[in-house]
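1. Structural data only, the sequence is not supplied:
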């Protein structure tokens, strides 16, 4: 199969886990490939994905080969595939805009961003880089709350003619105006706000759906999360959290038997604990009533390495976006967006989203086995 050429915006922990994973699985067989939801999608295996360009704003990453940048501070995710061979792909200076919260200047440089002293590119420069690199899919890994910066790169994707995977809770795929623009350009978009493979939100959703299916009345619930990476540090600025809280809350509300009142549901990041680094600890509590109106409660603690937890989902999203490009499909991919993301254009329960995604993948395979191989 031909390569899937990707561009990465934000070479942080999530990008580090993804790029490490591309090399980690390169020499693995299907039987050895632990941790992937799909080994093959439409003929594309993980080793068909190739990073061809990247953007960041940190001086410890800009100008470096991607293979070095993924391990540079303030990245702190686990190193499960090191070293990575040189890629020959240099990280370009990106646009800052609202990509950095003001409060992050007050923290130790090992924990925060250090803006490179380089000219920030205008949209046409970014578009030119995307076109020259041959990128087909752009991944947005900017910090939560980067509304202006995310829209800047979405515009660049449209102009350059590349698909977009929006991994953060800025609403692009789920915004009808943005979605229609991608549809008009016949470019696929998957979003918004990537789910982890087995993270806080997907676990909370499954339990909420279980309450519904088993006839348990859910009365109130919370989800509290702590972590020590730049994502949690960034989110200490509560003004950047409105879309994040909406995305996570709607993901749970959408599978409940009935919507909870706002006072009875609390979901969102809770605090920054530096020594946790990229480890995320989630606490979920659910209170309800069983047969005979008898009260019950459930408490769960989940500990995961945050960034690798989303990387396998991103690998699947990339391959679904490429299948859509191969088939000439544009606009939001409904099944993959619902299965891979917390805030898709339309919410479905996870069983239905899974079925839709499998149907999308399998229909793509049938289409590709005709006379339309790229």
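-> Done, it's in. Quick caveat, the model's predicted, so the values are computed rather than measured. Residues are numbered from 1 along each chain as shown.
2. mind listing the strands for the stretch 251-374 of the chain?
-> Taking DSSP state E, counting those that start in this stretch to define them, one finds strands in the stretch 251-374 of the chain at 265-272, 279-289, 295-305, 331-332.
3. Same question for the stretch 101-250 of the chain.
-> Under DSSP E, counting those that start in this stretch, the stretch 101-250 of the chain gives strands at 137-140, 163-166, 188-190, 217-227.
4. Can you add mean pLDDT and distance to residue 274 and give these back as CSV?
-> Bear in mind the C-beta positions are built from the backbone N, C-alpha and C, glycine included. CSV is the format used below for the strands of the stretch 101-250 of the chain (pLDDT from 0 to 100; distance: least, C-beta to C-beta, whole Å):
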stretch, mean pLDDT, distance to residue 274
strand 137-140, 99, 26
strand 163-166, 98, 28
strand 188-190, 98, 32
strand 217-227, 98, 10
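5. Now tabulate those strands in CSV and tack on distance to residue 287.
-> Listed next are the strands of the stretch 101-250 of the chain as CSV, based on distance: least, C-beta to C-beta, whole Å:
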stretch, distance to residue 287
strand 137-140, 36
strand 163-166, 34
strand 188-190, 35
strand 217-227, 5
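6. Relative to residue 123, which of the ones you listed is closest?
-> Residue 123 sits nearest to strand 137-140 of all these, at 13.2 Å, using C-beta to C-beta.
7. Give the partner strands of the closest one in its sheet and their orientations.
-> The pairing partners recorded for strand 137-140 under DSSP bridges are strand 4-9 (parallel), strand 163-166 (parallel).
8. Most tightly packed of those strands?
-> Highest mean neighbour count among those (mean count of other C-beta atoms under 10 Å): strand 163-166, with a mean of 29.
9. In the chain, where is pLDDT below threshold?
-> In the predicted model of the chain, residues 364-374 satisfy pLDDT under 70.
10. residue with max distance from the center of it?
-> No residue in the chain sits farther from the centre than residue 292, which is 42.0 Å out by C-alpha atoms, centre = their mean.
11. how far away is that one from residue 215?
-> Residue 292 sits 12 Å away from residue 215, going by C-beta to C-beta, to the nearest Å.
12. can you check residue 139 too?
-> Taking C-beta to C-beta, one finds residue 139 at 41 Å from residue 215.
13. more neighbours, these two?
-> residue 139 (27 against 11; other C-beta atoms under 10 Å).
14. Figure out how far stretch 357-366 is from the centre of its chain.
-> Chain-centre distance of stretch 357-366: 22 Å, with C-alpha atoms, centre = their mean, to the nearest Å.
15. ugh, typo on my part, it should be stretch 4-12
-> The chain centre lies 12 Å from the centre of stretch 4-12; the measure is C-alpha atoms, centre = their mean.
16. again, but for stretch 333-349
-> For stretch 333-349, the distance to the chain centre is 12 Å (C-alpha atoms, centre = their mean).
17. Can you get me the start-to-end distance on that stretch?
-> Distance across stretch 333-349, first residue to last, is 16 Å (C-alpha to C-alpha, to the nearest Å).
18. Over to stretch 230-248?
-> Taking C-alpha to C-alpha, stretch 230-248 runs 19 Å from one end to the other.
19. list the buried ones in stretch 113-127?
-> 113, 114, 116, 121, 126, 127 (16 or more other C-beta atoms under 10 Å).
20. Just put the strands paired with strand 137-140 in CSV and tack on distance to residue 356.
-> Converted to CSV, the strands paired with strand 137-140 look like this (distance: least, C-beta to C-beta, whole Å):
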stretch, distance to residue 356
strand 4-9, 22
strand 163-166, 17
